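>>> Model the structure of this input:
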Amino acid sequence: MRPKPPSGTLLARLEDLPDPGARASAWEGGAVLLVRRGESVTGWSNMCPHAGLPLALPDGRGLLHKGEALVCPVHGASFELDEGRCTGGPAAGDRLTAIAVIVENGEIRAA
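Model prediction:
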């Protein structure tokens with residue numbers, strides 16, 4: 001499992017995330033995947049629990065299906081965005097590791 005960022009760590013600016021969309025953070029080589037829907041942002045460890053590979057593409061983008069599920073680009077496992085539960089694919093029964101974040105003044109920081 002990847003380390004979690006210390007509380008207060010700047011992960012990204014809200015304006016740098018597509019809406020809706022997902023992008024790896026700038027912290028520790030993109031170890032956190034940030035998912036934005038409107039003003040709401042959730043953070044997940046950028047690692048698929050099925051194979052331990054990054055959820056983000058090499059360019060840092062995360063794949064969202066219809067703005068409702070995060071999709072692993074390697075094996076196609078789908079994860080719902082609120083709880084991180086696997087809803088389809090080879091990671092059935094697994095869930096993503098949550099990274100608590102806060103959004104203040106346009107900045108996304110670890111909580």
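>>> name the helices or strands packed onto the helix or strand hosting residue 23?
Assigned by DSSP states H and E, residue 23 belongs to strand 21-24. Counting contacts by 3 or more C-beta pairs under 8 Å, 6 or more residues apart in numbering; DSSP states H and E, strand 21-24 packs against strand 32-37, strand 61-65. Quick note: C-beta positions are derived from backbone N, CA and C, even for glycine.
>>> Show the residue spans covered by the strands in this structure.
10-13, 21-24, 32-37, 40-45, 61-65, 69-71, 78-80, 86-88, 98-99, 101-104, 107-110 (DSSP state E).
>>> So which of those is nearest residue 3?
Residue 3 lies closest, by C-beta to C-beta, to one member of the strands of the chain: strand 40-45, at 9.1 Å.
>>> Extract the C-alpha set from the closest one and format it as CSV.
Output in CSV follows, covering the C-alpha atoms of strand 40-45 (Å, rounded to 0.1, in the frame of the first residue of the first chain):
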residue,chain,number,x,y,z
SER,A,40,-16.9,17.8,-4.4
VAL,A,41,-13.6,16.0,-4.5
THR,A,42,-12.8,12.5,-3.2
GLY,A,43,-9.3,11.1,-2.9
TRP,A,44,-8.2,7.5,-3.4
SER,A,45,-4.9,5.7,-3.3
